[in-house]
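> no sequence on this one, just coordinates:
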């Protein structure tokens, strides 16, 4: 029904555009020069009044419908079914009801659950029909109101531009609120975690074993939340990746920008950028099935003990993956340097190599550093390659031949399964996420400072 609602709204918006255009022509005949604004602006004005209010209604309805129906169906359950149940148990009952309503229930649910599932399914149908009807009514009202304003003296262009201004402001506000929501949620849950675990223990502890007892029947070691091994593993893998990607990416960018022929550049640059479009799981398979066995064979030949999962494999393959980030951005930055700077250096007697080292690279440094720091952020945030090639065991080591883990891998590991966010094990994921967020933010600040400093110097 949702697809049909948006399709119907889109069709009605297009129809209203055509009607608005026809109405603009009709009010002045063939002399469109009598209109203050072109007919397309009048048509866009009508289409905006039809599509935007109805679209906002659909989005608001979708946001409210789910929680309201969930509340109603839980209230309709027999008292003995929900009496004395905790939040987790009530959530499980609601999941069973939704599974029955969606036709994906397993086993033999209780009769009250089956009846509640049927009620939820019926209420959803009624709510979706009501949503479609209300959206169409709002759209038709918008069409009537907008068409009534079409006249030769109506300033449709200014009205459309005001609508676009408000749309852009709304998009900016949504982006800001989304960022604030992420930060606030991370801070709140991280503070809950630090209520269970001391920050000193988290930031300076040397043992990471977050397997604590969640249920009374579980037996664990009690849990250890020292995140130093996780941070060291993240740093080690990112460092290896950058040692692979930075020289290869930068040198390939210099070659493509200054030495390669136009035909060779046109063929090689898109081919190199294909690396950025390969799914990370493919890189993971490549690391496990090709790189890791080859590295172990080499290690056995020279007498080096190399683990099946190692930081070197994960970092090396990750470095191959992020080469296009550095190469493409560095290439664009080098080619953007004014030709006059090249010619001036060559005219003073410098060789091509000296011109590249002393003139082009310093002038293109903001773009190059932007690409490198973007690649660092990408390396820090990678998960799949590390899971498949480096493992999930947090070991405090700087040996690249041993398995390590990263922050993102531990976040995924901690949040696997149906766990409530009321114990240190699951809340630790938010503390790690906050550290990752702050680290990325600091990298962006450093990149902006470098760009501002050298842009002022060479402009």
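Structure received. All values derive from a computational prediction rather than experimental measurement.
> domain parsing of this protein, as residue ranges.
The record's domain parsing of the chain by automatic domain parsing lists 2-154, 157-196, 224-458.
> let me have these in TSV, extended by mean pLDDT.
Formatted as TSV, the domains of the chain follow (pLDDT from 0 to 100):
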stretch	mean pLDDT
domain 2-154	83
domain 157-196	90
domain 224-458	85
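> residue 210 is nearest to which of those domains?
In terms of Cβ to Cβ, the element of the domains of the chain nearest to residue 210 is domain 224-458, at 5.0 Å. Just so you know, the C-beta spots here come from the backbone N, C-alpha and C atoms, and that holds for glycine as well.
> mind checking how far the closest one is from the chain centre?
From the chain centre to the centre of domain 224-458 is a distance of 18 Å (Cα atoms, centre = their mean, to the nearest Å).
> in stretch 2-22, what's buried?
Under the neighbour-count criterion of 16 or more other Cβ atoms under 10 Å, stretch 2-22 has 5, 9, 12, 13, 16, 17, 19, 20, 21 buried.
> next one: stretch 59-79
Within stretch 59-79, the residues that qualify as buried by neighbour count (16+ other Cβ under 10 Å) are 61, 65, 69, 73, 74, 77.
> same thing with stretch 271-290?
Result for stretch 271-290 [16+ other Cβ under 10 Å]: buried residues 272, 280, 283, 284, 285, 286, 287, 288.
> what's the closest of these to residue 87?
residue 280 (35.4 Å).
> is it true that that closest one touches residue 386?
No. Residue 280 sits out of contact with residue 386 when judged by Cβ atoms under 8 Å, with a separation of 9.6 Å.
> rewinding a little: which pair in the buried residues of stretch 271-290 spans the largest distance?
That would be 272 and 288, which, of the buried residues of stretch 271-290, are the farthest apart (Cβ to Cβ) at 24.0 Å.
> contacting residues for residue 334?
Residues in contact with residue 334 (Cβ atoms under 8 Å, 6 or more residues apart in numbering) are 253, 254, 257, 258, 360, 361, 364, 367, 368.
> show me what contacts residue 210?
223, 224, 225, 410, 414, 424, 425, 428.
> how much space separates it from residue 414?
Per Cβ to Cβ, to the nearest Å, residue 210 is found 6 Å from residue 414.
> give the residues shared as contacts by those two.
The contact sets of residue 210 and residue 414 overlap at 425, 428 (Cβ under 8 Å, 6+ apart).
> wait, what's in contact with residue 197?
Contacts of residue 197 (Cβ under 8 Å, 6+ apart): 225, 424, 428, 431.
> ok, which stretches of the chain are strands?
Applying DSSP state E to the chain gives strands spanning 208-209, 224-225.
> looking at these, which is buried most?
Ranked by mean neighbour count under mean count of other Cβ atoms under 10 Å, the strands of the chain are led by strand 224-225, which reaches a mean of 21.
> from what I see, residue 152 and residue 27 are in contact.
Yes. At 6.1 Å, residue 152 counts as touching residue 27 under the criterion of Cβ under 8 Å.
> which residues do the two both contact?
residue 35.
> and the domains of the chain: which comes nearest residue 203?
domain 224-458 (6.5 Å).
> hmm, back to that, between the contacts of residue 210, which is closest to residue 129?
Scanning these for proximity to residue 129, where the rule is Cβ to Cβ, the winner is residue 414, at 41.9 Å.
> how many residues are close by the closest one?
Applying other Cβ atoms under 10 Å, we find 21 residues neighbouring residue 414.
> what does residue 448 give?
13.
> need the contact list for residue 442.
Per Cβ under 8 Å, 6+ apart, neighbours of residue 442: none.
> got it, and residue 182?
residue 437.
> could you check how far the residue nearest to residue 415 when sequence neighbours are not counted is from residue 234?
Distance criterion Cβ to Cβ, 6 or more residues apart in numbering; nearest residue to residue 415, sequence neighbours excluded, is residue 429 at 5.2 Å. Noted for residue 429: a distance of 15 Å to residue 234, by Cβ to Cβ.
> these two: who's more crowded?
When neighbours are counted by other Cβ under 10 Å, residue 429 and residue 234 differ, and residue 234 comes out ahead with 27 against 23.
> how much space separates residue 364 from residue 334?
Distance from residue 364 to residue 334, by Cβ to Cβ: 5 Å.
> please apply the same query to residue 412.
Remark: distance between residue 412 and residue 334 (Cβ to Cβ) = 37 Å.
> contact partners for the residue minimising distance to the centre of the chain?
The residue lying closest to the centre of the chain (Cα atoms, centre = their mean) is residue 381, at 10.8 Å. Applying Cβ under 8 Å, 6+ apart, we find residue 381 in contact with 408, 436, 440.
> alright, I will stop here.
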